[in-house]
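S.K.: Below are the sequence and a predicted model; questions follow.
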Amino acid sequence: MSTEPPLLLALDLTGTFAFGLNGALTAVRAARLDIVGVMALGMITALGGGIIRDMVLDDLPPATFRDLRYLVIAAAGALIAFGFARHLGRIGMPIELLDAVGLSVFAVTGASKAMEFGIGPVQAVILGVVTAVGGGTIRDTLVQQIPSVMREGLYAIPALVGAAITVATILLGVYGLTAALIAAGVCMVIRVLGLRFSLNAPKPRGVHPDFGD
Amino acid sequence: MSTEPPLLLALDLTGTFAFGLNGALTAVRAARLDIVGVMALGMITALGGGIIRDMVLDDLPPATFRDLRYLVIAAAGALIAFGFARHLGRIGMPIELLDAVGLSVFAVTGASKAMEFGIGPVQAVILGVVTAVGGGTIRDTLVQQIPSVMREGLYAIPALVGAAITVATILLGVYGLTAALIAAGVCMVIRVLGLRFSLNAPKPRGVHPDFGD
Amino acid sequence: MSTEPPLLLALDLTGTFAFGLNGALTAVRAARLDIVGVMALGMITALGGGIIRDMVLDDLPPATFRDLRYLVIAAAGALIAFGFARHLGRIGMPIELLDAVGLSVFAVTGASKAMEFGIGPVQAVILGVVTAVGGGTIRDTLVQQIPSVMREGLYAIPALVGAAITVATILLGVYGLTAALIAAGVCMVIRVLGLRFSLNAPKPRGVHPDFGD
């Protein structure tokens, strides 16, 4: 992690903070949790995607365990959510924007790390998406909700685009800070447009689901 | 993977396709998902068991990430389920049979890979079962259902028998393509008989469960 | 594991047995499972925390797969729960005490193993807690309940204290069997006091959760 450009590292830590804060806040809203649950879910949201990525890449212990800053910043985000849940609930949009930063940065750094470890371009794109959405997926599952990434909005798709741009620029030999920022920026723009205009990914047709079994 | 006999590889890829198709279809029925959710759940069902197995065996990145065919075939199965969910819903039995192929092959290849990595016969049988049922368990959990393998039907038990025959023939030094096919065949027969006659594993007696808490 | 003092090993196996028994029993109460589900959940409760710990520490295959005794003892606990669920349901307190032994021992051995692998004191404390509560968290998620550790009672907090004492004594160079027993004992006392007086961790204020979405 220490060889990352400072801007990317700063963005990565910003994303970790945003995911910690937003993850804990989402958890607080979805279920009656105590401080242990709120802290745990904020940290899982912030660190879960990166831990899965590093397990798949066999880069263990995960980066988020080797570099204490990630743990501290994720915990700080979760703690703020615990203390100010009521007030933060009123200011939805800035938090969604912070979350979009996390999504964008994690998609890019996840895909580029996967390429560094040489696992093939298609796999690297998938692992970028997993890094970006993995933490939130675990969080939703733990509070007994079907992961929102699987149901509504545009969340995985901007991450997919960001990861694909990252991998394409690496294959073309033009990856660098500029390319990383462009990839993250495109992901961010799609995500924000999706939020603004309530866009959804297509759904299967003619299925009448029977909830429960 | 490249040293596997072609027939076993073909069966393994058939199982991956079947699990991708059936996993996505099950997910579509259980919950209102978009294309991201359907694709993700199909691929998780197809690849999840093998990824857990390879993490436990420390064979990382998982085989399903090293060999692109697994990812492509799992995605193809999920995509077909997304496009034809309505039609596929009407033809239950052939899909159950395909799923039984996946269960049988994964139990055998999971157990034999575990023996190759030298983790002991009892553990290899368990890991064969985990390979066979792991993907479906993650899928059910993500769509907020108690994993069906834990509640009804004969699903883990045929996998256990198939994995045990595999390990026994390896210990006896007679494991090969024939033994693998016999082990998978026995698993398949038990699974299909269980479906045909609605057999269930025993349940604990005299418990009055209180759902929720 | 073979270099562990016999008393710690005995406690670790006691904890594994207790978690297998109590995990299976909790699962039986929460959902209508068959023998496959009860055995699987008992074993996941008993072994899950240690498997996550060993994956994070890159000590694979996990210790619980290398040493057959853990698997056998966890399975024995789960099998007893399956056979005697009705009778065991009546004797709550001794089972809670056994569970507290598991919690205490796993927090201590989890944290000390993490320190051995050199991942830093804060991370070691967190991994001690994860070892202690991880199995039960997976169990609750699989039976579709929000993990009780995140909602009520004092469960993660005593584990945190036990893990912190362990790490502190290692840093001070005074860790040994006595220190381990003191750390586990403190964890156990806090847990039992929490049960006795129905203590809870603090909850966020002024949040009106909307269950479901």
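M.R.: Thanks, I have it. Numbering: from 1, shown residues only, chains lettered A, B, ... in the order given.
S.K.: How about the secondary structure of A:Asn200?
M.R.: Following DSSP: H, G, I helix; E, B strand; the rest coil, the label given to A:Asn200 is coil.
S.K.: Kindly report the same for A:Gly23.
M.R.: Relying on three-state DSSP, one would call A:Gly23 helix.
S.K.: Give me the neighbour count for it.
M.R.: 31 (other C-beta atoms under 10 Å in any protein chain shown). In short, each C-beta sits where N, CA and C put it, glycine included.
S.K.: Also A:Asp67?
M.R.: By other C-beta under 10 Å, the burial measure for A:Asp67, its neighbour count, is 18.
S.K.: what about it, distance to A:Leu47?
M.R.: 11 Å (C-beta to C-beta, to the nearest Å).
S.K.: go on, A:Leu41?
M.R.: 11 Å.
S.K.: Same question for A:Thr131.
M.R.: On the measure of C-beta to C-beta, A:Thr131 and A:Leu47 end up 11 Å apart.
S.K.: Of those two, which one has the most company?
M.R.: A:Thr131 (29 against 26).
S.K.: Name the helix or strand for that one, please.
M.R.: helix A:121-142 (DSSP states H and E).
S.K.: the inter-axis angle of that helix versus helix C:121-142?
M.R.: Orientation of helix A:121-142 against helix C:121-142 (axes from the mean of the first three to the mean of the last three C-alpha atoms, to 10 degrees) gives an angle of 70 degrees.
S.K.: now for the helix or strand following helix A:121-142, which elements pack on it?
M.R.: Next along the chain after helix A:121-142, taking DSSP H and E as the criterion, comes helix A:156-171. Helix A:156-171 sits against helix A:92-116, helix A:121-142, helix A:177-196, helix B:35-56, with contacts defined as 3 or more C-beta pairs under 8 Å, 6 or more residues apart in numbering or on different chains; DSSP states H and E.
S.K.: Surely A:Val192 and A:Leu97 touch.
M.R.: Yes: the criterion here is C-beta atoms under 8 Å, and A:Val192 meets it with A:Leu97 at 7.1 Å.
S.K.: more neighbours, those two?
M.R.: A:Val192 (17 against 14).
S.K.: quick one: contacts for that one?
M.R.: Counting by C-beta atoms under 8 Å, 6 or more residues apart in numbering or on different chains, A:Val192 touches A:97, A:100.
S.K.: Quick check: pLDDT value at it.
M.R.: Per-residue pLDDT puts A:Val192 at 93.
S.K.: how much space between it and A:Ala10?
M.R.: 20 Å.
S.K.: swap in A:Ile182?
M.R.: A:Ile182 is 17 Å from A:Ala10, by C-beta to C-beta.
S.K.: which of these two has more neighbours?
M.R.: A:Ile182 (15 against 12).
S.K.: Does that one touch A:Gly162 like I think?
M.R.: No: with contact defined as C-beta under 8 Å, A:Ile182 and A:Gly162 do not form a contacting pair (9.3 Å).
S.K.: close to chain C, is stretch A:62-80?
M.R.: Yes: judged by C-beta under 8 Å from any C-beta of the partner chain, stretch A:62-80 and chain C are in contact via A:62, A:65-66, A:68, A:71-72.
S.K.: Nearest to A:Pro204 among those residues?
M.R.: A:Pro62 (35.1 Å; C-beta to C-beta).
S.K.: what sits against the closest one?
M.R.: Neighbouring residues of A:Pro62 by C-beta under 8 Å, 6+ apart: A:47, A:50-51, A:54-55, C:56.
S.K.: Please repeat the previous calculation with a cut-off of 10 Å.
M.R.: Residues in contact with A:Pro62 (C-beta atoms under 10 Å, 6 or more residues apart in numbering or on different chains) are A:47-48, A:50-55, A:70, C:55-56, C:58, C:119, C:123.
S.K.: And A:Arg139, by the same measure?
M.R.: So A:Arg139 contacts A:19, A:22-24, A:26-27, A:30, A:40-46, A:48, A:145, A:147-148 (C-beta under 10 Å, 6+ apart).
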